[in-house]
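Chemist: how would this look folded up:
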Amino acid sequence: MHAECAPKCDYRCSKASRQKRCLLYCNMCCKKCLCVPSGTYGNKQECPCYNNWKNKKGGPKCP
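Modeler: Below you'll find the predicted structure:
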């Protein structure tokens, strides 16, 4: 596990309505992309991998 993922995802998901789900996907995305966008929402252009990873339905995979 990438050491910086947990604290970055804790902050990223701090205002999410579904905390556990947000943390699960944020950590998954962080491990793959080695990047978490700043702030609690948006700013995904900072991490192209994080921004471009889609779910099966074509929606964004990463919170």
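
Chemist: Just say helix, strand or coil for residue 58.
Modeler: At residue 58 the chain is in coil, as set by DSSP: H, G, I helix; E, B strand; the rest coil.

Chemist: Need the phi and psi values for it.
Modeler: Main-chain torsions, residue 58, degrees, to the nearest 10: phi 90, psi 0.

Chemist: Can you list the neighbours in contact with stretch 9-29?
Modeler: 1, 5-6, 8, 30, 36-37, 39-41, 49-50, 53, 61-63 (Cβ atoms under 8 Å, 6 or more residues apart in numbering). (Glycine included, C-beta is placed from N, CA and C.)

Chemist: try it again with 7 Å
Modeler: Among residues not part of stretch 9-29, those counted as contacts by Cβ atoms under 7 Å, 6 or more residues apart in numbering are 5-6, 30, 36, 40, 50, 53, 61-63.

Chemist: With distance to residue 13 and secondary structure added, can I get the residues you listed in JSON lines?
Modeler: Shown next, in JSON lines, are the contacts of stretch 9-29 (distance: Cβ to Cβ, whole Å; DSSP: H, G, I helix; E, B strand; the rest coil):
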{"residue": "5", "distance to residue 13": "11", "secondary structure": "helix"}
{"residue": "6", "distance to residue 13": "11", "secondary structure": "helix"}
{"residue": "30", "distance to residue 13": "11", "secondary structure": "helix"}
{"residue": "36", "distance to residue 13": "10", "secondary structure": "coil"}
{"residue": "40", "distance to residue 13": "8", "secondary structure": "coil"}
{"residue": "50", "distance to residue 13": "13", "secondary structure": "helix"}
{"residue": "53", "distance to residue 13": "17", "secondary structure": "coil"}
{"residue": "61", "distance to residue 13": "14", "secondary structure": "coil"}
{"residue": "62", "distance to residue 13": "11", "secondary structure": "coil"}
{"residue": "63", "distance to residue 13": "6", "secondary structure": "coil"}
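
Chemist: In contact with residue 37, which residues are there?
Modeler: By Cβ under 7 Å, 6+ apart, the contact set of residue 37 is 43-44, 46-47, 50.
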